[in-house]
Every structure is written in structure tokens, then in C-alpha cells.
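K.L.:
I would like to see how this sequence folds:
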Amino acid sequence: MTFTPDWLALREPADAAARSTALLPPLIDVVADRPEVVVHDLGCGTGSMARWLAPRLPAPQRWVLHDHDPALLAVAASAVDGAETRVGDLAAADLHGADLVTASALLDLLTEDEVDAVAAACAGRPALLALSVAGRVEFAEPDPMDEAFQEAFNDHQRRGGLLGPGAVAAAERAFGAHGARVLTAASPWRLGGGALAEEWLAGWVGAARQQRPELPADYLDRRRGSLDVLVHHTDLLALPGSRR
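P.N.:
Numbers count the residues shown, from 1 in each chain. Prediction:
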């Protein structure tokens, strides 16, 4: 799946506001005593994770940015000082030398085998995997068709064996199988209208109707008038150590 720089720039403030700060203290406990933290960011996009996390870590860092899109990597490299960039398959990325692995909005785009591969590659090091879709959307003003569109969107996210809203549960199992202690926290988008809400709604409805074309076409226009919505996501932190 390809994302444009414009879309990533549009969502970055909402992502930053949604990311769970509750997972930072246990992460910092693991990396605080290192003279330098080497961070590998999978699916870095334009570098939004680095911009959010770097000021919150107490130690100096060196970032290695991974993405399958060279154009996005070029944007990220220009925004993250001293970063190394690597193009390739994110689920098979070489994480040698990493002290910390990060990703945003990635797990739900992977298959179960790919999540298992990521968990195996991260074994023995912390991993902060943020903003995975949870499969739940809450509108302040309910519509009778909300549930049908939500179910259709979730089915669309699972197409071709992708995990979609089952990604966090699969990652908990996979990281736990490699001896990690896994913590999760809610990280919902809170959208009250504006350009991001409009773009999100159009994509959400479009994916749902692609999955189920019989869903009513006028739903999009009805929803545009009441865009106070929570789009639920989950952040996951896997820490080296005993299983839960």
C-alpha cells in the first residue's frame, strides 16, 4: 500500500496527539542508560515517529529509517538529522544493531506470518508499534448504517490475509512467544471536522463500499454533516523479559 506525503502530513498532528504517552516510562527505563540509542523505524513514511519520539527519549539517538517507498524515504531523511535510510520489505528488514524498533500504522497492513517475522527480528530488544487500527469507530451522532459500514471496512482491511483490526492481538501472541512482556494502550484519533476528518471519512466509506457495493451511496453525504468521531487505534510496546 502506498501513502502520499500530503496524506501523511495531514494526519501527522492527529497521530502525535493520539500516540500513548503512558507507554513511554517503561520504554525509557529500558533505554535510558545507553550512551546512544540506535532506533530502527519500520515504515517510516516521512519521519513522523522520529519527530515525535526523539525529543521524548533521554539519550542521544541514531535513526535508521526503513520504507518500501524511496520518495517517502527521501522526505524523511531531509527531516531527521543524520538518519540512515533503507529501502525494502519491512517485514524482512535487517534490524542488526538496533536498540529499539518502532513503527506507526504498520501492523494492520501485515499478514500473521509477517508479524511473526517482525516479532522474531525484534527478540531481545524493545519495540514500540503505534497506531494500529482497532476496528472501532464512534460517531457522536449515530446513524443506523454505522455498524454495517464498520463491519465492511474491517473486512476490507482483512483482504488478502492482512490482519487489519486483528493485528494487535496477533502481535501480542507473536511477541509473547518470543519472551517479550507486552503492554498496550489506546491511541484514538479524535476528529471534530476539518480536512483530515473529510479525507478519513471518504476513505473509510469508500473502502467499505468497495467491500460491499450494496451499501447505500448516500451515507457519505449524511455523515459529512456530523463529523465528530473517535477512530480507535492501539499502541503496543514489547519489552525484553518475562512473558505476561
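
K.L.:
quick one: contacts of the top helix by length along the chain?
P.N.:
As assigned by DSSP state H, the longest helix anywhere in the chain is helix 195-211. Counting contacts by CB atoms under 8 Å, 6 or more residues apart in numbering, the residues outside helix 195-211 that touch it are 7, 10-11, 13-14, 137, 148-150, 152-153, 155-157, 159, 189, 191, 215, 217, 219-220, 223-224, 227, 229, 231. The C-beta positions use only the backbone N, C-alpha and C, and glycine is treated the same way.

K.L.:
and that helix, what's buried?
P.N.:
Neighbour counts over helix 195-211 (16 or more other CB atoms under 10 Å) mark 196-197, 200-201, 204-205, 207-209, 211 as buried.

K.L.:
again with stretch 229-243
P.N.:
Using 16+ other CB under 10 Å as the test for burial, stretch 229-243 gives 229-239.

K.L.:
what do you get for stretch 210-226?
P.N.:
Using 16+ other CB under 10 Å as the test for burial, stretch 210-226 gives 211, 215, 219-220, 223.

K.L.:
could you find the closest non-adjacent residue to the most centrally placed residue in the chain?
P.N.:
When CA atoms, centre = their mean is applied to the chain, the residue found nearest the centroid is A105 (1.8 Å). Distances taken as CB to CB, 6 or more residues apart in numbering place L131 nearest to A105, at 4.6 Å, with adjacent residues excluded.

K.L.:
what's the answer for A50, then?
P.N.:
V80 (4.6 Å).

K.L.:
for the one you found, which residues are in contact?
P.N.:
For V80, the contacting residues are 47, 50-51, 54, 63, 65, by CB under 8 Å, 6+ apart.

K.L.:
can you redo these as CSV with secondary structure?
P.N.:
Output for these, formatted as CSV (DSSP: H, G, I helix; E, B strand; the rest coil):
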residue, secondary structure
G47, coil
A50, helix
R51, helix
A54, helix
W63, strand
L65, strand
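
K.L.:
narrow the residues you listed to those that are buried.
P.N.:
For the contacts of V80, a burial check counting by 16+ other CB under 10 Å picks out 47, 50, 54, 63, 65.

K.L.:
of all those, which two lie farthest apart?
P.N.:
Across the buried ones among the contacts of V80, the longest distance by CB to CB is 12.0 Å; it joins A54 and L65.

K.L.:
rounded mean pLDDT for the helix or strand where F149 lies, please.
P.N.:
Using DSSP states H and E, F149 falls within helix 146-157. For helix 146-157, mean pLDDT rounds to 98.

K.L.:
distance of the residue nearest to A50 relative to G124?
P.N.:
Counting by CB to CB, to the nearest Å, the gap from V80 to G124 is 25 Å.

K.L.:
and L227, by the same measure?
P.N.:
44 Å.

K.L.:
likewise D146?
P.N.:
D146 sits 43 Å away from G124 when distances are taken as CB to CB.

K.L.:
and what of A103?
P.N.:
According to CB to CB, A103 and G124 sit 17 Å apart.

K.L.:
neighbour count winner among these two?
P.N.:
Comparing A103 with G124 by neighbour count (other CB atoms under 10 Å), the higher total belongs to A103, at 27 against 11.

K.L.:
residue contacts, D143?
P.N.:
219, 222-223, 226.

K.L.:
pLDDT below threshold where in this protein?
P.N.:
Applying pLDDT under 70 to the chain flags the ranges 1, 242-244.

K.L.:
can you give me the helices in it?
P.N.:
5-18, 24-31, 48-53, 70-79, 112-122, 146-157, 167-177, 195-211, 219-224.
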